[in-house]
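*Asks:* got a predicted structure here, sequence first:
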Amino acid sequence: MSESVRGKCAWVGCVEVSEAEIAERPLCSRHFYLVAQRRLSALLGLLSDDTADRAPSPDVQRFLAELVNETEILTSQSQRLTPERLEELLKLSVKAAEVQKMMQEPT
């Protein structure tokens, strides 16, 4: 997310500045992490189902690419993040890359 488009986090009741986006929804780093983690966990659940199709839909591909990209941007601005948030985001990015790889592997 570029500096020029920063605004308020779109999470209801949050007054923090948005620092990242998921599906064009501006979020602060805390809410970005929560939304991304939930969606990624849901994808992992689908992948653990042996009957599920592993071929990622365009929406899933877009989400994973966006997650990796936005996390990279957030972590590059690490002076704004607590060490704990930085570690959480780095783990999230690694997990997203692992999910991308899992989805590309033949079943």
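*Replies:* That came in fine, so what should we check first? Residues are numbered from 1 along each chain as shown.
*Asks:* distance of V99 from E88?
*Replies:* If you measure V99 against E88 using C-beta to C-beta, to the nearest Å, the figure is 16 Å. The C-beta positions use only the backbone N, C-alpha and C, and glycine is treated the same way.
*Asks:* same question, G7
*Replies:* 23 Å.
*Asks:* neighbour-wise, which of the two wins?
*Replies:* It is E88, of G7 and E88, that has more neighbours when counted by other C-beta atoms under 10 Å, with 19 against 9.
*Asks:* so the more buried one sits against L34, correct?
*Replies:* No - between E88 and L34 no contact is recorded; they are 10.0 Å apart, counting by C-beta atoms under 8 Å.
*Asks:* in the chain, what spans have low per-residue confidence?
*Replies:* Judged by pLDDT under 70, the chain has its weakly predicted residues at 1-6, 50-55, 105-107.
*Asks:* where do the strands of it begin and end?
*Replies:* Taking DSSP state E as the test, the strands found in the chain are 20-22, 25-27.
*Asks:* for the last one, what is the distance to the chain centroid?
*Replies:* What separates the centre of strand 25-27 from the centre of its chain is 11 Å, taken as C-alpha atoms, centre = their mean, to the nearest Å.
*Asks:* what's the answer for stretch 27-38, then?
*Replies:* Distance of stretch 27-38 from its chain centroid, counting by C-alpha atoms, centre = their mean, is 7 Å.
*Asks:* could you do stretch 92-103 as well?
*Replies:* Distance of stretch 92-103 from its chain centroid, counting by C-alpha atoms, centre = their mean, is 11 Å.
*Asks:* cool, stretch 97-106 as well?
*Replies:* Going by C-alpha atoms, centre = their mean, the spacing between the C-alpha centre of stretch 97-106 and its chain's C-alpha centre is 16 Å.
*Asks:* thanks a lot, catch you later.
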